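S.K.: build me a model from this:
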Amino acid sequence: MAYQVKKAYQRDETIILSFDIGTTHTAVSFSHAIPGERPDVRSVIKWPGQPEASGDSKIPTIIAYQDEEAKYFGAEAREFVDDEEYETARWFKLRLHPDSMRVDPGANGPGGLEIPALPRGVALIQVYADFIRYIYKATKTFFINNTPNGQQTWSQFERQMPIIFCTPNGWDISQYTVLADAAIQAGIVTQDDAEDRLWFLTEGEASVHYALAHTETIKWLNDGIIFAVTDVGGSTVDSTLYRCVSRTPLILEEVCASACVQAGGIFVDQTIRSILENRLEGSEYNDVETISMMTRQFEQKAKRAFDGSQRDSVIQFGSNKDNDTKYNIVKGKITLSNEEVQAAYLTVISSITGSCLNLLANRTAQHLLLVGGFGESPYLKDQLKRMLNERGTEVVTLEEPSYVLLPGADSIFTQWNRKKAAA
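M.R.: Down below sits the predicted model:
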């Protein structure tokens with residue numbers, strides 16, 4: 001998938017990369033920018049270990065280690081999550097969050113989240129370096145194989161191309177330093193050129209440009225209008241309030257400081273896992289591997305379809321030989337009630353709605369643009385619409401699913417032009 005930036009690029013020819021390393025999934029966008037032309041921003045849609053025809057622009061943020069060495073990544077690493085011969089690094093983004101974003105189990109909101117331990121002998125910066133090296137290499141392969149004169153073009157700009165990391169609104173110089181050091185360790189930049197080539201774009205800023213590119217803005221965006229953008233991901237919710245100073249040319253200003261709270265899809269998954277463990281206590285199916293399989297199947301299918309109207313949610317995890325009526329298991333399927341699934345969403349939605357209400361306190365926003373992977377949840381959309389419609393705020397969703405991540409294409413080029421002009 002590609003998205004064309006509205007304005008012509010005005011700097012030296014180059015390739016620009018954008019990495020979004022999320023808690024559960026990762027995506028990469030890139031563009032071959034040529035002076036005087038409107039750049040096409042494209043997503044990497046072919047990753048090792050994923051079906052050739054899948055066209056999936058994101059991969060699981062997982063690494064499988066063996067003896068402190070990274071062996072498998074992404075979809076391939078997911079197969080080793082419960083393998084005793086491997087240790088996996090996952091949800092490691094949570095370990096980088098500042099204290100201000102960490103969950104307080106005693107506070108209102110999703111608490112008690114158990115972050116998986118890092119593989120023994122592997123530091124967080126090594127995990128990031130290994131993963132950055134992997135996605136960079138995969139991006140290089142995709143670019144070369146899908147761009148005319150790809151090998152020549154990549155070789156020409158490889159040691160000068162800017163690399164942009166999309167980060168939560170709540171991150172600061174401490175987290176940026178870790179990413180920069182990891183990028184150096186990964187070998188994609190050097191100590192000498194890292195400051196010039198690396199740039200950090202907040203998810204709030206990326207989201208607003210992405211959302212405006214994928215909604216029918218002509219119908220609602222007018223001079224003076226105030227609107228919010230809420231990016232709901234795997235573990236964080238970033239919300240920003242904007243005023244449209246001018247529609248043509250587009251000029252936006254932030255009305256107040258952005259908000260960032262730790263909440264998202266993984267908290268629902270963890271609650272479902274706990275429900276399954278409690279339900280299956282004493283059953284032959286209450287083992288780590290089976291519970292993990294059930295949780296993954298819930299995340300990939302039942303969770304994405306749940307809108308609150310279903311009587312039950314069915315999780316397919318085994319074969320027709322798997323039956324235990326005492327535990328409501330029939331032909332390899334286990335059924336969760338509507339009440340159980342709603343309970344898994346309860347504290348997460350409470351945190352998300354609370355963050356939105358705090359942002360909108362004493363202010364009137366005509367629209368809230370909802371983006372992000374978990375922002376596509378039908379149940380979350382419905383709950384937000386019910387709450388915000390009462391305040392006179394319309395929830396606007398994207399015409400295209402945001403899992404095809406093109407993080408702030410106009411913002412990337414506008415800010416990169418500005419940075420180079422100031423250099």
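
S.K.: wait, Glu394 sits on Leu369?
M.R.: No. Assessed by C-beta atoms under 8 Å, Glu394 is found out of contact with Leu369, at 9.8 Å. In short, each C-beta sits where N, CA and C put it, glycine included.

S.K.: which one's more surrounded, those two?
M.R.: Using other C-beta atoms under 10 Å, the more surrounded residue of Glu394 and Leu369 is Leu369, with 26 against 14.

S.K.: buried residues, stretch 153-170. List them.
M.R.: Under the neighbour-count criterion of 16 or more other C-beta atoms under 10 Å, stretch 153-170 has 153-154, 157, 161-170 buried.

S.K.: span of that stretch from start to end?
M.R.: Stretch 153-170 has an end-to-end distance of 36 Å (C-alpha to C-alpha, to the nearest Å).

S.K.: give me the number of residues near the closest residue to Tyr9 other than its chain neighbours?
M.R.: Excluding its sequence neighbours, the residue lying closest to Tyr9 (C-beta to C-beta, 6 or more residues apart in numbering) is Ala33, at 4.5 Å. Using other C-beta under 10 Å, Ala33 has 27 neighbouring residues.

S.K.: try Lys7
M.R.: Lys7 has 13 nearby residues by other C-beta under 10 Å.

S.K.: returning to that earlier point: show me the buried residues of stretch 153-170 that map onto strands.
M.R.: 163-167 (DSSP state E).

S.K.: poorly predicted segments of the stretch 51-200 of the chain, please.
M.R.: In the predicted model, the stretch 51-200 of the chain carries pLDDT under 70 at residues 51-56, 100-113.

S.K.: ranges for the strands of it?
M.R.: Counting by DSSP state E, counting those that start in this stretch, the stretch 51-200 of the chain has strands at residues 58-60, 62-66, 69-73, 87-90, 163-167, 198-202.

S.K.: how about CSV for these, with distance to Gly282 added?
M.R.: Formatted as CSV, the strands of the stretch 51-200 of the chain follow (distance: least, C-beta to C-beta, whole Å):
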stretch, distance to Gly282
strand 58-60, 32
strand 62-66, 31
strand 69-73, 34
strand 87-90, 28
strand 163-167, 44
strand 198-202, 48
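
S.K.: now the helix or strand Arg304 falls within: buried residues?
M.R.: Assigned by DSSP states H and E, Arg304 belongs to helix 303-305. Residues of helix 303-305 classed as buried: Lys303 (neighbour count, 16+ other C-beta under 10 Å).

S.K.: name the residues of the next helix or strand after it that are buried.
M.R.: Downstream of helix 303-305, the first helix or strand assigned by DSSP H and E is strand 312-316. Neighbour-count burial for strand 312-316 flags 313, 315 (criterion: 16+ other C-beta under 10 Å).

S.K.: contacting residues for Arg304?
M.R.: Arg304 makes contact with 376-377, according to C-beta atoms under 8 Å, 6 or more residues apart in numbering.

S.K.: what confidence value was assigned to it?
M.R.: Among the per-residue scores, Arg304 shows a pLDDT of 90.

S.K.: just give me the closest of the buried residues of stretch 153-170 to Ile315.
M.R.: Pro168 (30.5 Å; C-beta to C-beta).

S.K.: please compute how far stretch 171-189 lies from its chain's middle.
M.R.: Averaging C-alpha positions (C-alpha atoms, centre = their mean, to the nearest Å) puts stretch 171-189 19 Å from its chain's average.

S.K.: run through who's touching that stretch.
M.R.: In this structure, residues lying in contact with stretch 171-189 by C-beta under 8 Å, 6+ apart are 96-98, 124-126, 128-130, 132-133, 136, 163, 165, 167, 190-191, 194-195, 197-198, 200, 202.

S.K.: if you set the cut-off to 6 Å instead, what comes out?
M.R.: With contacts defined as C-beta atoms under 6 Å, 6 or more residues apart in numbering, stretch 171-189 is touched by 96, 125, 128-129, 132-133, 136, 165, 191, 194, 197-198, 200.

S.K.: show me what the helix or strand harbouring Asp20 is packed against.
M.R.: Using DSSP H and E, Asp20 sits within strand 14-21. If contacts are counted by 3 or more C-beta pairs under 6 Å, 6 or more residues apart in numbering; DSSP states H and E, strand 14-21 sits against strand 25-33, strand 163-167.

S.K.: can you select the buried ones from the contacts of stretch 171-189 in ChimeraX?
M.R.: In ChimeraX, a selection of the buried entries from the contacts of stretch 171-189 looks like this (16+ other C-beta under 10 Å):
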select :96,125,128,129,132,133,136,165,194,197,198
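
S.K.: among the contacts of stretch 171-189, which one lies nearest to Ser309?
M.R.: If you rank the contacts of stretch 171-189 by distance to Ser309 using C-beta to C-beta, Leu96 comes first, at 37.6 Å.

S.K.: not counting residues beside it along the chain, what's closest to the closest one?
M.R.: Closest to Leu96 by C-beta to C-beta, 6+ apart is Gln175, at 5.4 Å.

S.K.: burial of the one you found, as a residue count?
M.R.: Using other C-beta under 10 Å, Gln175 has 19 other residues around it.

S.K.: repeat for Glu37
M.R.: Going by other C-beta under 10 Å, the residues that sit close to Glu37 add up to 13.

S.K.: likewise for Phe143?
M.R.: Using other C-beta under 10 Å, Phe143 has 20 other residues around it.

S.K.: which residues touch it?
M.R.: Neighbouring residues of Phe143 by C-beta under 6 Å, 6+ apart: 150, 154.

S.K.: mind doing that once more with 7 Å?
M.R.: 30, 150, 154 (C-beta atoms under 7 Å, 6 or more residues apart in numbering).

S.K.: with Tyr65 instead?
M.R.: Counted by C-beta under 7 Å, 6+ apart, Tyr65 has contacts 71, 86-87, 89, 119, 122.

S.K.: may I ask which of those residues has the most neighbours?
M.R.: Neighbour tally across those (other C-beta under 10 Å): the maximum, 25 neighbours, falls on Ala89.

S.K.: surely that residue and Ala64 touch.
M.R.: No. Using C-beta atoms under 7 Å, Ala89 is not in contact with Ala64; the gap is 8.1 Å.
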